[in-house]
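Peer 1: Sharing a model that was predicted from the sequence below.
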Amino acid sequence: RKEVEQDPGPFNVPEGATVAFNCTYSNSASQSFFWYRQDCRKEPKLLMSVYSSGNEDGRFTAQLNRASQYISLLIRDSKLSDSATYLCAVNTGSQGNLIFGKGTKLSVKP
Amino acid sequence: DVKVTQSSRYLVKRTGEKVFLECVQDMDHENMFWYRQDPGLGLRLIYFSYDVKMKEKGDIPEGYSVSREKKERFSLILESASTNQTSMYLCASRTDRVRGGYTFGSGTRLTVV
């Protein structure tokens, strides 16, 4: 099993749709979890951290399921500007480096 | 906001050249990282540093070296550039080893011809 796995997509959704991405991780000792957004030919930018109790930031909701070892990102009321690649990141072991998934591409259509 | 600055946005070098990629962060972060990103392969860690003059190999260090003489600056060196090192190079930094997310620089798109 790969350390961090994401469905590569692409997810093609109409404006206003709700879309959810999952990310599974293999290291049960992982402590920190993040979602990043990356626009084409740009650097990844931190979208949100993922907390144990789940957290929300506007239209975005992140959740953590430790038992099944996955995190999720829910985007409500999708906008054209949400089109991007979404990367999950999970910290590893004692060094704490982040392991990134390869990303899920989202395309929001009019 | 933390700023991570990479010296060049686009770079074209010839095979065999020695290439220096510079990265500077302005928030006194201890941890710094160099990644390359290629289509289908995602982000791959080349080298990282947890402190001045400290460096550790990541997953793909072959053909690369690094230098961290000052806390704010982390340089990636391609000793003898090859065409398979054509890639997007991303520098990142963070403040906290356990909880901190990374802040990335805007990247250097390197082409080796």
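Peer 2: Right, received. Where do you want to start?

Peer 1: Ends of stretch B:24-44, what's the gap?
Peer 2: Length of stretch B:24-44, first residue to last, CA to CA, to the nearest Å: 20 Å.

Peer 1: try stretch A:49-61
Peer 2: End-to-end distance (CA to CA), stretch A:49-61: 10 Å.

Peer 1: contacting residues around it?
Peer 2: A:32-35, A:47-48, A:62-64, A:66, A:71, A:73-77, B:101 (CB atoms under 8 Å, 6 or more residues apart in numbering or on different chains). (Glycine included, C-beta is placed from N, CA and C.)

Peer 1: Just grab the bridge partners of the residue most central in space within chain B for me.
Peer 2: Geometric centre of chain B, nearest residue: residue B:34, 2.8 Å, by CA atoms, centre = their mean. Using DSSP bridges, the bridge partners assigned to residue B:34 are residue B:47, residue B:91.

Peer 1: now the chain, which segments are flagged as low pLDDT?
Peer 2: In the absence of a named chain, this looks at chain A. Scanning chain A for pLDDT under 70 picks out A:1, A:93-94.

Peer 1: you looked at the wrong chain, it should be chain B
Peer 2: Short version for chain B, where the test is pLDDT under 70: B:1-2, B:96-99.

Peer 1: Show me which residues of it sit near chain A.
Peer 2: Counting by CB under 8 Å from any CB of the partner chain, the positions of chain B adjacent to chain A are B:33, B:40-43, B:45, B:48, B:58, B:88, B:90, B:97-107, B:109.

Peer 1: residues from chain A in reach of chain B?
Peer 2: Near chain B, when you scan chain A using CB under 8 Å from any CB, you find A:31-32, A:34, A:36, A:41-46, A:49, A:87, A:89, A:91, A:95-98, A:100-103.

Peer 1: how about a cut-off of 7 Å?
Peer 2: Counting by CB under 7 Å from any CB of the partner chain, the residues of chain A close to chain B are A:31-32, A:34, A:43-44, A:46, A:49, A:96-98, A:100, A:102-103.

Peer 1: hmm, which two among these are most spread apart?
Peer 2: Greatest spacing in the residues of chain A next to chain B, by CB to CB: A:31 and A:43 (24.2 Å).

Peer 1: Who has more neighbours out of the two?
Peer 2: Neighbours around residue A:31 and residue A:43, counted as other CB atoms under 10 Å in any protein chain shown, are more numerous at residue A:43. The numbers are 21 against 13.

Peer 1: tell me which residues form a beta bridge with the closest residue in space to that one that isn't next to it in sequence?
Peer 2: Distances taken as CB to CB, 6 or more residues apart in numbering or on different chains put residue B:104 closest to residue A:43, at 4.1 Å, once the chain neighbours are dropped. Assessed by DSSP bridges, residue B:104 has beta-bridge partners residue B:92.

Peer 1: repeat for residue B:112
Peer 2: Counting by DSSP bridges, the residues bridging with residue B:112 are residue B:13.
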